[in-house]
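[1] Quick check, what structure comes out for this input:
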Amino acid sequence: MLGGLEAREIALTAAEAAGDLKARDVIVLDVSHKTVVTDFFVICSTDNRVQLKAVVDKVKARLKERGVVPQHQEGLGGGWVVLDYGGAVVHLFLQEEREFYGLERLWRDAPEIELERA
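    Next up, the predicted model:
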């Protein structure tokens, strides 16, 4: 638990924040039975770097409001940004990077958590 939030709640909050800024194809995967590194992956993509930065900032701000900050972050300024919240890792991609790396293919056996869609 980080900042009073469980890993699942962190993942769902991050996914909601990304969706608020129209990130594409937002998914949350439960990888808890597949790896010891984390429990959830949030994966989403954007069409351009400006939107990618805005989504990264929105996710970080929304979770900071709830008392949670990333333990580590990588890729700021690139086409794949990773925000590591311990029990939840958020992967934010430019669309072409997402297609190239194919995390969904690599983790296809992990169950997808259903998100509430507005």
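[2] pLDDT score for Asp30?
    You'll see Asp30 listed with a pLDDT of 96.
[3] same deal with Val50?
    For Val50, the pLDDT comes out at 95.
[4] Check Leu5 too.
    On the pLDDT scale, Leu5 gets 73.
[5] That one touches Ala14, doesn't it?
    No. Leu5 is not in contact with Ala14 according to C-beta atoms under 8 Å; the separation is 10.4 Å. The C-beta positions use only the backbone N, C-alpha and C, and glycine is treated the same way.
[6] Let me see the ranges of the strands in the chain.
    Counting by DSSP state E, the chain has these strands, from start to end: 24-30, 40-46, 72-74, 80-84, 88-94, 112-113.
[7] got a markdown table for those, with distance to Lys58 and mean neighbour count too?
    As requested, these are arranged in a markdown table below (distance: least, C-beta to C-beta, whole Å; neighbours: other C-beta atoms under 10 Å):
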| stretch | distance to Lys58 | mean neighbour count |
| --- | --- | --- |
| strand 24-30 | 12 | 18 |
| strand 40-46 | 11 | 25 |
| strand 72-74 | 14 | 12 |
| strand 80-84 | 11 | 19 |
| strand 88-94 | 10 | 25 |
| strand 112-113 | 20 | 15 |
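[8] Export those strands as TSV, with columns for distance to Ala18.
    Shown next, in TSV, are the strands of the chain (distance: least, C-beta to C-beta, whole Å):
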stretch	distance to Ala18
strand 24-30	5
strand 40-46	5
strand 72-74	15
strand 80-84	10
strand 88-94	7
strand 112-113	14
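[9] Could you check how far the spatially most central residue of the chain is from Glu112?
    With distances taken as C-alpha atoms, centre = their mean, Val90 lies nearest the centre of the chain, 2.5 Å away. According to C-beta to C-beta, to the nearest Å, Val90 stands 15 Å off from Glu112.
[10] ok, the residue nearest to the centre of the chain to Arg98 distance?
    Plainly put, Val90 is 13 Å away from Arg98 if you go by C-beta to C-beta.
[11] now swap in His72 and tell me
    His72 is 20 Å from Arg98, where distance means C-beta to C-beta.
[12] quick one: buried residues of stretch 10-23?
    By neighbour count with 16 or more other C-beta atoms under 10 Å, stretch 10-23 contains the buried residues Ile10, Ala11, Leu12, Thr13, Ala14, Ala15, Glu16, Ala17, Ala18, Gly19, Leu21, Ala23.
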